[in-house]
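**Student:** need coordinates for the below:
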Amino acid sequence: MTATLGDIDLLPFADPEYQVDPYPYYKEVRDLTPLYASPAGVYCAVRHEDVFALTRDRRLSSKEVDFGIANVFHDSILGMDSPDHGRVRGVSSKWFVPARVEEWLEETRRLVNLALDDGARAGGLDACADLSFTVTFGTMAHILDVGTHDAQNCREKVLEMGRALRPAATEQDVATAEAAFAWYVDYIKDLVASRAGTPQTGLLGAFLGAVDEDRMSEAELLASVTLYYAVGHLDNSFLIQNGVKILGEMPEQREIFRTQPDARNDMISEMLRMDTPEQFVTRYALEDIDVSGETLPAGSILLAMIGSANMDERVFPNPEVFDHTRHNVTAQQMAFGGGQHGCQGQILARRQAEVALTALVERFPDYRISGPVIRDDTEFIRNIISLPIEF
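**Tutor:** Here you go, the predicted model:
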């Protein structure tokens, strides 16, 4: 069934209730069809088997997706197909291999300890503003070898940009995001200009060197730095926030995380599975594609719903239950997408979460959530904006 059920929209992207908790809606669609034709003009693949295959299918293009006001990202790996994707990704790939990630984690640890020191003096902190954002933004700035000036503006502009990259975006969302993109492009141009005539260090220096060697264009440099500056903290930050929330609500899981280091990797995978930071990836069908017996037509836009795939009971029995002992959970969860467009920073994201959550539970094993958890989710991005904890 690739059509709506009568007049009922089964995935009402603009509905606030859907945005707060899309997972029951996903289940209803998974039970009915592998491929849902949304009234929003997109097709949605919702089952794990299909999403896994489609994120690796070269008949689906990122280059041909109209990003609207975000079309600048077609000059980054986010909006490229092969061979350009491999060429530009190759400039930054060595910066996110395990050995380099361990180097970056020294900065993560330093920032985590500073945040927890401040929290200890105050008796608590906000896990969003004081911990997750500070740590992830600061680490990415360290990797790029740039300062952390205007950090809060950067975060706000990223969220404004993200609100326009979704099916339910309003005209106001688009207008606000357009201004945010303009601000970000100017911000990155200033960063690049500030490096003129200086030694080419950090990831920004690697991009500048690639331009000098004609391996990247200046447009690709600007788009790439904008992308890393933006997404280098957004999803990583939510992973830490969500981990703080889950462990705060489940003392028995917190104790396992604290006392069983070998369990931490799979526990982080389960956190990613249960509430995936970005709920879908967007692709353009270059030709008709069979999706478990249904046809995704050539020329259509596909949303590969990784948030739904991660809750598919066909792969994850009792998916609403936190269970880090699930078989192969680390390999099967899809929070970082897959294929050539799989998240380049996923090793960093997982290790940052492990460092931050380990430091928190070891230093404050009895921390508790001390106030309302305030969220600002959309159908695309999961987002906690306030999560107060006390020690």
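**Student:** from here on, contacts and neighbour counts on C-alpha atoms
**Tutor:** Will do.
**Student:** biggest helix in this structure by residues?
**Tutor:** Looking across the chain with DSSP state H, the single longest helix is helix 218-249.
**Student:** how near is Ala53 to Ile306?
**Tutor:** From Ala53 across to Ile306, the span is 11 Å (Cα to Cα, to the nearest Å).
**Student:** more neighbours, those two?
**Tutor:** Ile306 (29 against 13; other Cα atoms under 10 Å).
**Student:** check contacts around the more buried one.
**Tutor:** Contacts for Ile306 (Cα atoms under 8 Å, 6 or more residues apart in numbering) come out as Val46, His48, Val51, Thr276, Glu278, Gln279, Phe280, Val281, Met334, Ala335, Gly337.
**Student:** farthest-separated two in those residues?
**Tutor:** Maximum pairwise distance in these, criterion Cα to Cα, is 15.4 Å, between His48 and Glu278.
**Student:** which one of these two is surrounded by more residues?
**Tutor:** His48 (27 against 22).
**Student:** pretty sure the more buried one contacts Asn310?
**Tutor:** Yes - taking Cα atoms under 8 Å as the definition, His48 is a contact partner of Asn310 at 6.8 Å.
**Student:** list of residues touching stretch 112-123?
**Tutor:** Leu125, Asp130, Leu131, Val135, Ala356, Ala359, Leu360, Glu390, Phe391.
**Student:** with distance to Ser217 added, can I get those residues in a markdown table?
**Tutor:** Formatted as a markdown table, the contacts of stretch 112-123 follow (distance: Cα to Cα, whole Å):
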| residue | distance to Ser217 |
| --- | --- |
| Leu125 | 43 |
| Asp130 | 37 |
| Leu131 | 36 |
| Val135 | 31 |
| Ala356 | 36 |
| Ala359 | 41 |
| Leu360 | 42 |
| Glu390 | 48 |
| Phe391 | 50 |
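**Student:** out of these, who's the most crowded?
**Tutor:** Val135 (29 neighbours).
**Student:** could you say which helix or strand holds it?
**Tutor:** Using DSSP states H and E, Val135 sits within helix 133-144.
**Student:** the next helix or strand after that helix: which residues count as buried?
**Tutor:** Later in the chain than helix 133-144, the nearest helix or strand by DSSP H and E is helix 151-164. By 16 or more other Cα atoms under 10 Å, the buried positions in helix 151-164 come out as Cys154, Arg155, Lys157, Val158, Leu159, Glu160, Met161, Gly162, Arg163, Ala164.
**Student:** quick check: closest non-adjacent residue to the third one.
**Tutor:** When you say that, I think you mean Lys157. Ala180 (5.1 Å; Cα to Cα, 6 or more residues apart in numbering).
**Student:** now what about whichever strand or helix holds that neighbour, what contacts it?
**Tutor:** Using DSSP H and E, Ala180 maps to helix 171-194. Identification of contacts with helix 171-194 by Cα under 8 Å, 6+ apart yields 69-70, 146, 154, 157-158, 160-164, 204, 222, 225-226.
**Student:** can you do 7 Å?
**Tutor:** Helix 171-194 is contacted by residues Ile69, Lys157, Glu160, Met161, Arg163, Ala164, Leu222, Val225, Thr226 when judged by Cα atoms under 7 Å, 6 or more residues apart in numbering.
**Student:** end-to-end on stretch 272-288?
**Tutor:** 31 Å.
**Student:** now that stretch: mean pLDDT?
**Tutor:** Averaged over stretch 272-288, pLDDT sits at 97.
**Student:** what about that stretch, distance to the chain center?
**Tutor:** Its chain's C-alpha centre and that of stretch 272-288 lie 11 Å apart, by Cα atoms, centre = their mean, to the nearest Å.
**Student:** now that stretch: buried residues?
**Tutor:** 272-286.
**Student:** for stretch 106-114, same thing?
**Tutor:** For stretch 106-114, a neighbour-count test (16+ other Cα under 10 Å) marks Glu107, Thr108, Arg109, Leu111, Val112, Asn113, Leu114 as buried.
**Student:** quick one: low-confidence parts of the stretch 1-150 of the chain?
**Tutor:** Low-confidence segments of the stretch 1-150 of the chain (pLDDT under 70): 1-6.
**Student:** can I get stretch 50-64 in PDB, CA atoms only?
**Tutor:** Provided in PDB are the C-alpha atoms of stretch 50-64 (Å, rounded to 0.1, in the frame of the first residue of the first chain):
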ATOM      1  CA  ASP A  50      14.200  -1.700   3.600                       C
ATOM      2  CA  VAL A  51      15.800   1.300   5.300                       C
ATOM      3  CA  PHE A  52      19.000  -0.600   5.700                       C
ATOM      4  CA  ALA A  53      19.100  -1.500   2.000                       C
ATOM      5  CA  LEU A  54      17.900   1.900   0.700                       C
ATOM      6  CA  THR A  55      20.600   3.900   2.500                       C
ATOM      7  CA  ARG A  56      23.100   1.800   0.600                       C
ATOM      8  CA  ASP A  57      21.400   1.900  -2.800                       C
ATOM      9  CA  ARG A  58      23.300   3.900  -5.400                       C
ATOM     10  CA  ARG A  59      20.000   4.300  -7.400                       C
ATOM     11  CA  LEU A  60      19.100   6.900  -4.700                       C
ATOM     12  CA  SER A  61      20.800  10.300  -5.100                       C
ATOM     13  CA  SER A  62      21.700  13.000  -2.600                       C
ATOM     14  CA  LYS A  63      22.900  15.300  -5.400                       C
ATOM     15  CA  GLU A  64      19.400  15.500  -7.000                       C
END
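**Student:** what lies in contact with it?
**Tutor:** For stretch 50-64, the external contacting residues (Cα under 7 Å, 6+ apart) are 45, 74, 79-81, 283-287, 291, 304-306, 309, 337-339.
**Student:** centre-most residue in this structure?
**Tutor:** Closest to where the C-alpha atoms of the chain average out (Cα atoms, centre = their mean) is Asp235, at 3.5 Å.
**Student:** tell me which stretches of the stretch 201-350 of the chain form strands.
**Tutor:** Counting by DSSP state E, counting those that start in this stretch, the stretch 201-350 of the chain has these strands, from start to end: 281-285, 289-291, 294-296, 301-304.
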